[in-house]
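Q: let's see this in three dimensions:
(chains A and B)
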Amino acid sequence: MEDVFTIANKNFKSRLIVGTGKYKSFEETAEAVKASEADIVTVAVRRVNILDQGKPLLMDYLNPESITYLPNTAGCYTSEDALRTLRLAREMGGWRMVKLEVLGDKKTLYPNMIETLESTKILVKEGFEVMVYCTDDPILCKKLEDVGACAIMPLAAPIGSGLGVQNKINLRLIKEQSTVPVIVDAGVGTASDATIAMELGCDGVLVNTAIAESKNPILMAEAMKHAVIAGRQAFKAIRMKKRNYGSSSSPEIDLI
Amino acid sequence: MNNLNVAKIQLNGKPFDLRNETNLKKLLKDLKISENKVAIEINGIIIEKNKYSQVVLNKDDKVEIVHFIGGG
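A: Okay, here's the model as predicted:
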């Protein structure tokens, strides 16, 4: 049976979403995205460099016709800036599905959840499909869903930290209560972190730095693909019960 | 020398000279920017793509041209 990943009524094959930041070149970005087999990539909105006329752009390497662009609001610290960014993103190519992140602190890059919640309400009213980067607080995650977020994206650890899943209990609680997809965003450092998130029942994982800052981003992108699939399969298979003591795997009768 | 045919605008935060009667379509053409890869804001208002040829820039306009770059 096919395991379809649905966000805002759109179906995706891969449960891995990859970021496109921090790569050495557009060639490397494109190769890593290909190796990851992700269907969705996050992108940032920035000023065009007027002096770099005719220079290649991200879109020349990742065709928005064949992969879903998910515009983000990285670097925005107010609701106003985030809304402005996403309205521009929508004008650029008609993108309605967006990733909202309103940051609250430059050192930890923790989200400002008050501004995030307010922005979500406005964007939903304006017809956006809003995937929301948020803290792993189950109450706030519920509020986001209540105001119309189409996906909840709690952090596993601070953005770019690579510290892995820090609060399994909260992620599980958030997953249990949510009727929209829960996608772990931020904090994944290596393949096993992505697997842990998926084994907890999360619907997907978003990875950027862990791939881009590894020594071999193409290989790590492929590892993340396998990690997300493995975690998903293990979750669906329902793991064995834990025991406190050993239990022999070979029969103990008819021993010679 | 005061050249009446030159208007100063703010383009992506920097001063920029342009000839009078420049519409957005022409500005993008002059800058060698493909219009389907950008979005434009003038004085905080987003301009719809189908209006680019109608919107003429005025002195002191604050113009922002943005595009997608790599991000997480």
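
Q: quick check, pLDDT for A:Ile253.
A: On pLDDT, A:Ile253 comes in at 89.

Q: for it, phi and psi?
A: As for A:Ile253, its main-chain torsions (degrees, to the nearest 10) stand at phi -90, psi 160.

Q: what about it, neighbour count?
A: 4 (other CB atoms under 10 Å in any protein chain shown). To be clear about C-beta, it is placed using only N, CA and C from the backbone, and glycine gets the same treatment.

Q: just A:Val184 next, same as before
A: 30.

Q: so which helix or strand takes in it?
A: strand A:183-185 (DSSP states H and E).

Q: that strand and chain B in contact?
A: No: judged by CB under 8 Å from any CB of the partner chain, strand A:183-185 stays clear of chain B, getting no closer than 8.7 Å.

Q: what residues does that strand touch?
A: A:17, A:99, A:131, A:133, A:151-156, A:165, A:171, A:194, A:197, A:202-206 (CB atoms under 8 Å, 6 or more residues apart in numbering or on different chains).

Q: how much space separates A:Ala74 from chain B?
A: According to CB to the nearest CB, to the nearest Å, A:Ala74 stands 5 Å off from chain B.

Q: what of A:Lys121?
A: Distance from A:Lys121 to chain B, by CB to the nearest CB: 20 Å.

Q: still on that earlier bit, can you tell me the strand partners of the strand holding A:Val184 and which way each runs?
A: strand A:204-207 (parallel) (DSSP bridges).

Q: mind giving me the packing neighbours of the helix or strand following the strand it pairs with?
A: Next along the chain after strand A:204-207, taking DSSP H and E as the criterion, comes helix A:209-212. Contacts defined by 3 or more CB pairs under 8 Å, 6 or more residues apart in numbering or on different chains; DSSP states H and E place helix A:209-212 against strand A:16-19, helix A:26-36, helix A:217-237.

Q: contacts only, for the residue nearest the centre of chain A.
A: In chain A, the centroid-proximal residue (CA atoms, centre = their mean) is A:Leu206; its distance is 2.4 Å. Applying CB under 8 Å, 6+ apart to A:Leu206 gives the contacts A:16-19, A:42, A:153, A:183-186, A:188, B:72.

Q: let's go with 10 Å and repeat that
A: With contact set as CB atoms under 10 Å, 6 or more residues apart in numbering or on different chains, A:Leu206 has these partners: A:16-19, A:38, A:40-42, A:70, A:72, A:99, A:131, A:133, A:151, A:153, A:155-156, A:183-188, A:194, A:197, B:72.

Q: apart from its neighbours in sequence, what residue is nearest the residue in chain B that chain A sits nearest to?
A: Relative to chain A, the nearest point of chain B is B:Gly71 (2.7 Å; CB to the nearest CB). Using CB to CB, 6 or more residues apart in numbering or on different chains and skipping residues adjacent in sequence, the residue nearest B:Gly71 is A:Ala44, 2.7 Å away.

Q: and the helix or strand that contains that neighbour, what's buried?
A: Assigned by DSSP H and E, A:Ala44 belongs to strand A:40-47. The neighbour-count check on strand A:40-47 (16 or more other CB atoms under 10 Å in any protein chain shown) flags A:40-46 as buried.

Q: equivalent analysis for stretch A:61-73, please.
A: A:61-62, A:64, A:67-73.

Q: can you lay out these as CSV showing secondary structure and pLDDT?
A: Shown next, in CSV, are the buried residues of stretch A:61-73 (DSSP: H, G, I helix; E, B strand; the rest coil; pLDDT from 0 to 100):
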residue, secondary structure, pLDDT
A:Tyr61, helix, 93
A:Leu62, coil, 93
A:Pro64, coil, 91
A:Ile67, coil, 95
A:Thr68, strand, 95
A:Tyr69, strand, 95
A:Leu70, strand, 96
A:Pro71, strand, 96
A:Asn72, strand, 96
A:Thr73, coil, 96
